[in-house]
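Chemist: Attaching a predicted model along with its sequence, questions to come.
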Amino acid sequence: MRVAATSFAGVAALLGVTLALSACTITPWRTSGGDTSQASPGAGAKGTPLSVETSPVPVASPVVVAPIGGANAGAERAAGTSGLYRVKPGDTLYRVAKAHNQRPADVASWNKLPTDAKIQTGQLLRVAPPVVAGAASAAAVAPVAKAAATSAPSNAASVAPKVAVNSAKAEPKAEPRAEVKAEVKARTEARSPRFVWPIEGSVAQPFTAKSKGVVIAGPAGQDVRAVAPGRVVYAGSGIKSYGRLVIVKHDAHLITAYGRNGKLLVKQGDAVKQGEVIAASATDSAGKATLVFEMREDGKPVDPLSQLPR
């Protein structure tokens, strides 16, 4: 009976040990996703799984190729706006030309206007000689090729053919005959003086506010010539202090007067060219030809010596 009790006590003790061991079994970790897994030796103290650090994969920056037409378009816009002037209230063709150190006849020629044309406020005028189109295009292509070559060296093989094509297109073409003639005419006019002397001689009386003109004295028997092209608006002797007088209107703003002539050779309404004979000079008591010569712009006296060639 004692042996049976002892055996029963041993079995009970073994059963208790087994239960105690089962209570000490390691509980699986719960991850944020709700799954369970056995903790690894490298896990943190609180059971958080180790995270693997990964470096971001570098992404190559896109190569930007400058547009082939961009630099060319900018050059064309710059060339299109240079040498132009927009007319303001009160401007005249004569004043605009003088403000840009040009001859009014040249400005009129560049804009295909008569020398006596009235310009309008807001009108766009060319105040510099026109540039040959072929030269401007060729100059504009050079910056394009340079920009394309330096912006993306790795793509040089693909960009180069485009630049070559544009360069070939930019070669200046032969100008039409009409444009060549217009260019030659403009250059010829640029070399010609705007005014010529009415007679040969020296200034015997200079310009003053009181005299409003000059007196030119020279050899007797000379012809009096128009200093610039225009139309005769007066020819007669109705103004005593001027004797036989010729007045020529050159444009809407400028007139010239030739007084104390010996004989008038034109009449009112006649069109005259530069250098055309309009009168025969008179001879003074000293045996010299004398001429009273005046210039007026918008009705105001102008010193002729500031306009006549020297």
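Modeler: Ah, there it is. Predicted, not measured: the structure shown is a model, and the values here were computed from it.

Chemist: Give the helix, strand or coil label for Ala105.
Modeler: For Ala105, the assignment made with DSSP: H, G, I helix; E, B strand; the rest coil gives helix.

Chemist: Neighbours of it, how many?
Modeler: As a burial measure, Ala105 scores 21 neighbours (other Cβ atoms under 10 Å). Where you see a C-beta, it was placed from the backbone N, CA and C, and this is true even at glycine.

Chemist: Relative to Glu294, how far out is Tyr258?
Modeler: Using Cβ to Cβ, to the nearest Å, Tyr258 is found at 8 Å from Glu294.

Chemist: So for the two, which sits in the more crowded spot?
Modeler: Taking other Cβ under 10 Å, Tyr258 and Glu294 do not tie; Tyr258 has more neighbours (28 against 21).

Chemist: what about the closest residue to that one other than its chain neighbours, which SS state?
Modeler: Nearest non-adjacent residue to Tyr258, counting by Cβ to Cβ, 6 or more residues apart in numbering: Val246, 4.6 Å away. Secondary structure, three-state DSSP: Val246 is strand.

Chemist: On the pLDDT front, check Val246 for me.
Modeler: Note on Val246: pLDDT of 98.

Chemist: what do you get for Lys263?
Modeler: As predicted, Lys263 sits at a pLDDT of 95.

Chemist: swap in Val180?
Modeler: 50.

Chemist: name the element Tyr94 belongs to?
Modeler: helix 93-99 (DSSP states H and E).

Chemist: could I get that helix in CSV with only the CA atoms?
Modeler: What follows is helix 93-99, C-alpha atoms only, in CSV (Å, rounded to 0.1, in the frame of the first residue of the first chain):
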residue,chain,number,x,y,z
LEU,A,93,10.7,113.2,-91.2
TYR,A,94,13.4,115.9,-91.1
ARG,A,95,13.5,115.9,-87.2
VAL,A,96,13.6,112.1,-87.0
ALA,A,97,16.4,111.9,-89.5
LYS,A,98,18.5,114.6,-87.7
ALA,A,99,17.9,112.9,-84.3
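
Chemist: other SSEs contacting it?
Modeler: Packing contacts for helix 93-99, counted by 3 or more Cβ pairs under 8 Å, 6 or more residues apart in numbering; DSSP states H and E, involve helix 104-110.

Chemist: pLDDT on the helix it packs on, on average?
Modeler: For helix 104-110, mean pLDDT is 88.

Chemist: just the CA coordinates of that helix, formatted as CSV?
Modeler: Presented in CSV, the C-alpha positions along helix 104-110 are these (Å, rounded to 0.1, in the frame of the first residue of the first chain):
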residue,chain,number,x,y,z
PRO,A,104,16.1,112.9,-94.5
ALA,A,105,16.5,111.8,-98.1
ASP,A,106,18.1,108.5,-96.9
VAL,A,107,15.4,107.9,-94.3
ALA,A,108,12.7,108.6,-96.9
SER,A,109,14.4,106.2,-99.4
TRP,A,110,14.7,103.4,-96.8
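
Chemist: And the helices in this structure?
Modeler: For the chain, the helices defined by DSSP state H cover 2-23, 68-81, 93-99, 104-110, 133-151, 156-169, 177-191.

Chemist: Would you single out the least confident of those?
Modeler: For the helices of the chain, where the average pLDDT is lowest is helix 68-81, sitting at a mean of 42.

Chemist: Can you list the low-confidence ranges for the stretch 151-300 of the chain?
Modeler: 151-192 (pLDDT under 70).
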